[in-house]
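Student: got a sequence here, can you model it:
(chains A and B)
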Number of protein chains: 2
Amino acid sequence: MGYRRLDVDERRRQLLELGADLFTRFSYDELSMSRIAREAGISKALLYHYFPSKEAYFVATLEEKAAELQRRTEPDPSLPPFEQLSGSLDAYLAWVEENAGSFDKMIRSSGAVPEVRALLDRVRADTVKRISEGLAPDGEPSPVLRTAVRGWLGFLDGACLDWIEHRDLDRETLHGLLLAALTGAVLAAGEATER
Amino acid sequence: MGYRRLDVDERRRQLLELGADLFTRFSYDELSMSRIAREAGISKALLYHYFPSKEAYFVATLEEKAAELQRRTEPDPSLPPFEQLSGSLDAYLAWVEENAGSFDKMIRSSGAVPEVRALLDRVRADTVKRISEGLAPDGEPSPVLRTAVRGWLGFLDGACLDWIEHRDLDRETLHGLLLAALTGAVLAAGEATER
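Tutor: So this is what the prediction gives:
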């Protein structure tokens, strides 16, 4: 029993890994459940046993990637706030560098698949909350600080898309630019609040 | 002849206006060509005469909105560069405030409809080029300046989405935050380039 269970989890894990690769190499429309089953070397019936539809499979592969990203960028609570952020950001960029295709797919497909959009919205809202609460002196971010942090997450996505498209910046330079942009935005938010 | 031609253009314009409203109030799947024709008070055949499909109609309404946005944010070349940018940005925010539904739709549907994505990618690339060439001393933006400006456009989108969701910032405060964020990013890019 225990052996069979592990087997099922392991197969699912392998299918998700395959999906991340397939959905990067092919457009969504080019892939069918038959084709996916063929690439996985399993029957279509078995594939349907794991995932009820192509959309469910696509969403699951992105969810798996998003979960991996969250694990890898988990801040280290033993560090001071700024170092936590800097460390998470570096881990984020390392992940984007390794998973450029999945990252591009995740950001760009978010409008097409409601579940992906909901997932990204949730991750962004959590991240805005975590960063802005860490930056607010009393843990209660002002509307303008919240807006600045949300804006900065957009900066992060935009800069990363540009980065993987052009590949003409090293990761350290981008990391420095992103931290400086966040600092600038947070300072500006502080000034706007005091006015 | 001249009269009939005007009539056709005017009807098309009215249909695009109606579409901007309908696609904001209803989800894409809720609308059918029959429903749209009914709302427009014309026959389905006449609607198909103007737009070959629902997708074509949707894309045309967003293209019309994007064109309107570009007209309204056209920089005034008689002003110094920073004032041009500040003026365009203010016009952008005024447009977003008036067209919150279309703006949200445009950003969020960009993954679902390839034409919308292509349109937004083109507008973004043009804007990055215009802003970064204006900011580069010799008109040749470095990779890090280009990345900073592309990142800032993401900041702009993210902050605007947050703004129309929460409606707890006045436009002037947001305008100040956005300009300060751009200044911060451009300074950071300059420092990264000198290193």
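Student: neighbours of the nearest residue to residue A:156 once chain neighbours are set aside, how many?
Tutor: Once flanking residues are discounted, residue A:156 sits nearest to residue A:178: 6.1 Å by C-beta to C-beta, 6 or more residues apart in numbering or on different chains. All C-beta atoms are positioned from the backbone trio N, CA, C, and that covers glycine. The tally of other residues near residue A:178 (other C-beta atoms under 10 Å in any protein chain shown) stands at 25.
Student: tell me the angle the host helix or strand of residue A:178 makes with helix B:171-194.
Tutor: Using DSSP states H and E, residue A:178 maps to helix A:171-194. Angle of helix A:171-194 versus helix B:171-194, following axes from the mean of the first three to the mean of the last three C-alpha atoms, to 10 degrees, is 150 degrees.
Student: does anything pack onto helix A:171-194? Which helices or strands?
Tutor: helix A:81-98, helix A:143-166, helix B:143-166, helix B:171-194 (3 or more C-beta pairs under 8 Å, 6 or more residues apart in numbering or on different chains; DSSP states H and E).
Student: show me which residues of the last one are buried.
Tutor: Buried residues in helix B:171-194, defined by neighbour count with 16 or more other C-beta atoms under 10 Å in any protein chain shown: B:173-182, B:184-186, B:188-190, B:192-193.
Student: over to the third one?
Tutor: The neighbour-count check on helix B:143-166 (16+ other C-beta under 10 Å) flags B:143-163 as buried.
Student: tell me the domain ranges of chain A?
Tutor: Here chain A is described, according to automatic domain parsing, as comprising the domains A:2-52, A:60-194.
Student: pipe those into CSV and attach distance to residue B:35 and mean pLDDT per row.
Tutor: Supplementary listing: the domains of chain A in CSV, determined by distance: least, C-beta to C-beta, whole Å; pLDDT from 0 to 100:
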stretch, distance to residue B:35, mean pLDDT
domain A:2-52, 26, 89
domain A:60-194, 21, 89
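Student: return the most buried member of those domains.
Tutor: When these are scored by mean count of other C-beta atoms under 10 Å in any protein chain shown, the highest mean neighbour count falls to domain A:60-194 (a mean of 18).
Student: reformat the helices and strands packed on helix A:171-194 as TSV; add distance to residue B:11.
Tutor: Formatted as TSV, those follow (distance: least, C-beta to C-beta, whole Å):
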stretch	distance to residue B:11
helix A:81-98	47
helix A:143-166	38
helix B:143-166	30
helix B:171-194	34
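Student: now the residue in chain A positioned nearest to chain B: closest residue in space, sequence neighbours ignored.
Tutor: Per C-beta to the nearest C-beta, residue A:184 is where chain A lies closest to chain B, at 1.9 Å. Counting by C-beta to C-beta, 6+ apart, residue A:184 lies nearest to residue B:184, which is 1.9 Å off, once chain neighbours are set aside.
Student: wait, that neighbour touches residue A:183, no?
Tutor: Yes. Look at residue B:184 against residue A:183 with C-beta atoms under 8 Å: they come within range, at 7.0 Å.
Student: quick one on the thing from earlier: quick one: the residue of chain A closest to chain B and residue B:189 touch, right?
Tutor: No. Look at residue A:184 against residue B:189 with C-beta under 8 Å: they stay out of range, at 11.0 Å.
Student: which ones are touching residue A:193?
Tutor: Applying C-beta atoms under 8 Å, 6 or more residues apart in numbering or on different chains to residue A:193 gives the contacts A:142, A:144-145.
Student: so residue A:78: helix, strand or coil?
Tutor: coil (DSSP: H, G, I helix; E, B strand; the rest coil).
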